[in-house]
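> when you get a sec, could you give me coordinates for this:
(chains A and B)
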Amino acid sequence: MQFHRVTLPNGLEVLAEHNSQAYSTAIGYFVKTGARDEPPEMSGVSHFLEHMMFKGSQRRSADELNRELDEIGSHSNAYTSEEQTVYHAVLLPEYVDRAVELLSDMLRPALRNEDFDTEKKVILEEIAKYEDEPPFGVFEKAMAAHFPNHSLGRPILGTRQSVSALSVDQMRHYFENQYSPTNMALVATGNVDFEQLVKLAAKHAGHWEPFIPQRDPTRRQRVASRPSRQIIHQPVATQQYVLLVSDAPAAESPDRFAARLLATIVGDDSGSRLFWELVDTGRAESAEAGVHEFQGTGLMLTYLCCRPEDTPQNLRSIADIWQDVVRHGIKDDELERAKSKICSQIVLSSERAANRLFAVGSSWLTRGEYRSVRELVEQYRAVTADQIHRLLEQYPVHPCTVCAVGPLEELDTSRFGV
Amino acid sequence: MPEAIHCTCLDNGLVILGERMPWLESVAVGLHVPAGCIYDPADKVGLAHLVGEMVQRGCGPRDSRQFLEALELLGANYGGAAGLAHASFRATLLADNLDALLPIFADLVRRPHLPADQFEDARQTALQAIQAREDDFAEQAMNQLERLHFGDPWGRDELGTRQAVLSLRYEDVVEFYQRCYGPRNCIISVAGQFQWEHLVEKIGELFGDWKPQEPPRLESKAGKRGYEHLERPTQQTHIALAADAVAYRDADYFLARAAVGVLSDGASSRLFVEVREKRGLCYTVAARCQSTLDEGAVLCYAGTTTERAQQTWDLLVEELERLAEGVTAEEWSRVKAKIKSAIVMLQESSSARSSNLASDYYHRGKAFSIEELKHILDNITVDQINDYLKRRPPRIRSAVSVGAQRLEVRRAIP
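Okay, the predicted model is just below:
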């Protein structure tokens, strides 16, 4: 695989990882804007705007845009996170020219009033859907508790109130302050001719005027967190959903590899310490740990889903498992197996161009770096048990934020220091 | 260039399918034992799923921990569970480790410990899955729809009910294992980087002396059909419906699939445009073909807040009626482009191809290669699709809603 990169005169970065074995090409605009860049009164605007991009441009109606994306057989979609908005398409290499033209046109949206009103209903349905289904918003509620005074604590979708109150003018204003070519990258992976890609980018996006985007000024800093407890009674739920949140290495930190290995050892969905104690024994439907990285800030998450009546005892077991790791560290054979799992997942998933797109694009957006599959595997292979033990000292897992959603109205969280 | 599909059958009935994808570093293996929930006794639905859970708790020289650890050390992306017709165990891994994986898979289905002292844990695991499903209203709507439409055993939910799982005994597990786990109608499907002759030889050594089980007996009852509403205090109403179509093994299947593509593939598809884009009624609306061995259906799902549920239902009915009137050449050409690129992209996924091979063989007794799939697709014309829709219009037969209010469905389902 070969990596190429160039910056157009207007600041748009174009990058590609070429894989001659691939049958498809994956292309995406990775924009450095997301929920953390929103002012409180516009919570949800990044995600709503992402939907509006599919509603057509000055040159195309929504119908025309969607028809053309389908005509080239592309599998296109978009997502919004706390810090990026990504518009992507996977297609056969012969359609790359049309795909770049379409994606570029999309990113200069018309934002028509009537489309805005119709799409608002779709967003409100999306919010209702997630409020109604497992895990009943426990992640968003935990983030709100953990980051009480920061945009990272606000939901990506916004709330029913914030989305209802949003106006199309606010959205236009947000677009004009974020979608500068200097605030995004055009990324391609799989079977891609880089020279052709650069020419297409220059033709279809080279004329976009650059400006200074209004990004969250704390992006590179560690955001102050406040471990707290949040017990939310949700009588519709049968099971209890609990999320524990503590600080962990940020996206830029060289410790992030050790953090992910630690999470795998403690709480992978199969073969981890939490698995053997709680899932294999049938005490919980799921008990997992994982890391969530942002620029400047990172989180260790432990998730539990089980019967309400078993929750207190299961939480004590989770506290014991974390305490044991902190006191006695991890074993060499656990570390070896975790490395083998993660590394083979990286290699196996890299066979699909689409999977590489998100790895390459996100790495570029958050760190401004490219790592090949081989380099990534080497980073994980190099982690030692000592590094993981130092990590546990640097980022205490307790006290942590405890957020519970479900039938329980009360829960003892003293073991977690809150 | 893609190669033809390899296929052979051992003397004991075990079928081996292979598709070489030498441009990949990975290989995917699926071991499909005909031990799904359709073989559960009617009062013990959930047993197959529990047996699928029990066989993974130690096999051959390994206890349950050593079993998972061995797979982790091979870097295998592994999963196993019983579904409707099969208990399937799947692993994707780097090609060099294939020879080390196969003996573990042979132990898994031939020499499981079925440890009696873990029976209660396994039962609790199964109950957890049932309880978790209680919270998933969209899933409940689809499960209830399949029961209503496909009847028994083809409309079963493999998890079974809490009551049935609580009534199971350890002896039931042993009995089911002895009755259903065997080489007869068992499929091993392999796709990716491997050598066919070597694979067949290895599988022959590991599975060749496995004694065939008795042929299974199945009695099936047709679905009751009609409309059911499950009252739940949710914001959204989850709507699921089933309409007539043909089974996967039917000569017309690909025409049915093409028609459903016009309904639901992509952002320019009819459901997406009419229900979501123009009216903003739903975030999720979709249709797909679903097939048992003998029966096929178009299944639709839409989730929308209660006050807009009736309008959404009426629109779904209208769109299925409009589909019966035919599709346009332009619509078919867009769907065709989408399906074609999806077929080409399958060549980047050994795990997807391994699953396709097994499913094709189970339904049709033959697995299609990528080239054959492309050929079938290229030869479908819009006239054929419209002729099919005339002969087999997608009439709505069954529907389920889950939410705060019943729907008025009598015009579509008398």
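> quick check: longest helix of chain A.
Ranked by residue count under DSSP state H, the longest helix found in chain A is helix A:113-132.
> distance from it to the middle of the chain?
21 Å (C-alpha atoms, centre = their mean, to the nearest Å).
> what comes into contact with the helix or strand just after that helix?
Following helix A:113-132 in sequence order, the next helix or strand is helix A:138-146 (DSSP states H and E). Around helix A:138-146, the neighbours that count as contacts under C-beta atoms under 8 Å, 6 or more residues apart in numbering or on different chains are A:152-156, A:225-230, A:232, A:241-243, A:245, A:299, A:301, A:303, A:401, A:403-405. Heads up, the C-betas are built off the backbone N, CA and C, glycines and all.
> buried ones among those residues?
A:152-156, A:225, A:227-230, A:232, A:241-243, A:245, A:299, A:301, A:303, A:401, A:403-405 (16 or more other C-beta atoms under 10 Å in any protein chain shown).
> all strands of the chain, in order?
Went with chain A since none was named. A:2-7, A:13-18, A:25-31, A:75-80, A:85-91, A:184-190, A:229-233, A:240-248, A:286-293, A:298-306, A:401-406 (DSSP state E).
> wrong chain, I was asking about chain B
Applying DSSP E to chain B gives strands spanning B:6-9, B:15-20, B:26-33, B:58-59, B:62-63, B:77-82, B:87-94, B:187-192, B:226-231, B:236-245, B:284-291, B:296-305, B:396-403.
> so can I have TSV of these showing mean pLDDT?
As requested, those are exported to TSV (pLDDT from 0 to 100):
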stretch	mean pLDDT
strand B:6-9	98
strand B:15-20	98
strand B:26-33	98
strand B:58-59	98
strand B:62-63	98
strand B:77-82	98
strand B:87-94	98
strand B:187-192	98
strand B:226-231	98
strand B:236-245	98
strand B:284-291	98
strand B:296-305	98
strand B:396-403	98
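> distance to chain A and mean neighbour count added to those, as TSV?
Formatted as TSV, those follow (distance: least, C-beta to the nearest C-beta, whole Å; neighbours: other C-beta atoms under 10 Å in any protein chain shown):
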stretch	distance to chain A	mean neighbour count
strand B:6-9	21	15
strand B:15-20	14	23
strand B:26-33	5	27
strand B:58-59	11	22
strand B:62-63	12	16
strand B:77-82	6	20
strand B:87-94	6	24
strand B:187-192	9	28
strand B:226-231	12	16
strand B:236-245	5	26
strand B:284-291	7	20
strand B:296-305	5	25
strand B:396-403	9	24
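> for B:R270, give its distance to chain A.
Noted for B:R270: a distance of 12 Å to chain A, by C-beta to the nearest C-beta, to the nearest Å.
> ok, that residue - contacts?
Contact analysis of B:R270 by C-beta under 8 Å, 6+ apart lists B:262-264, B:319, B:322-323, B:331.
> adding pLDDT, distance to A:D324 and neighbour count, write the residues you listed out as CSV.
Formatted as CSV, the contacts of B:R270 follow (pLDDT from 0 to 100; distance: C-beta to C-beta, whole Å; neighbours: other C-beta atoms under 10 Å in any protein chain shown):
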residue, pLDDT, distance to A:D324, neighbour count
B:V262, 98, 57, 24
B:L263, 98, 54, 26
B:S264, 98, 50, 21
B:E319, 98, 57, 20
B:R322, 98, 62, 13
B:L323, 98, 59, 21
B:E331, 98, 60, 23
